[in-house]
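> need the 3D shape of this:
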Amino acid sequence: QVQLVESGGGLVQAGGSLRLSCAASARSFSSLIMGWFRQAPGKGREFVAAISSGGGATLYSDSVKGRFTISRDNAKNTMYLQMNSLKPEDTAAYHCATGPTLPQIGRGNINYWGQGTQVTVSS
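Numbers count the residues shown, from 1 in each chain. Here you go, the predicted structure:
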């Protein structure tokens with residue numbers, strides 16, 4: 001069983017930055033493939049980024065590539081998403097998740113899902 005708790009969301013102006021955190025309660029956090037997804041009102045779940053268990057490999061959606069950076073600290077059982085140059089279209093609830101492999105989590109195949117943290121970007 002894995003529990004995921006996101007934090008760090010808020011209201012920011014376009015062009016600003018936020019850093020999201022995902023704290024995981026899992027004995028084997030360092031073996032988990034982790035990722036971020038987002039869901040805007042009335043829209044489906046959208047893959048944002050994913051990171052391998054050791055942090056050496058990452059995957060990003062085209063919509064955030066070059067602006068967002070995913071990272072993790074296995075000693076703290078925590079994953080992060082640094083979001084820069086935010087745009088109004090980035091407004092959504094951001095959820096962290098675990099998945100079986102990096103490519104599969106990129107296709108939306110997830111095992112566990114957090115409650116989410118709201119990010120609102122004003123124009």
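> hey, let's count contacts and neighbours off CA atoms from now on
Noted.
> how about stretch 114-123: buried residues?
Neighbour-count burial for stretch 114-123 flags 114, 116-122 (criterion: 16 or more other CA atoms under 10 Å).
> mind checking the pLDDT average for that stretch?
Averaged across stretch 114-123, pLDDT comes to 97.
> what about the closest residue to A92 other than its chain neighbours, distance to S71?
Take A92 and drop its neighbours on the chain: the residue closest to it by CA to CA, 6 or more residues apart in numbering is A40, 4.2 Å away. To S71, A40 is 23 Å away according to CA to CA, to the nearest Å.
> surely Y60 is in contact with E46?
No. Counting by CA atoms under 8 Å, Y60 stays clear of E46, with 11.2 Å between them.
> so which of the buried residues of stretch 114-123 sit within helices?
Per DSSP state H, helices hold no members of the buried residues of stretch 114-123.
> in a markdown table: these, plus distance to Q1.
Below are the buried residues of stretch 114-123 laid out as a markdown table (distance: CA to CA, whole Å):
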| residue | distance to Q1 |
| --- | --- |
| G114 | 12 |
| G116 | 18 |
| T117 | 21 |
| Q118 | 24 |
| V119 | 27 |
| T120 | 31 |
| V121 | 33 |
| S122 | 37 |
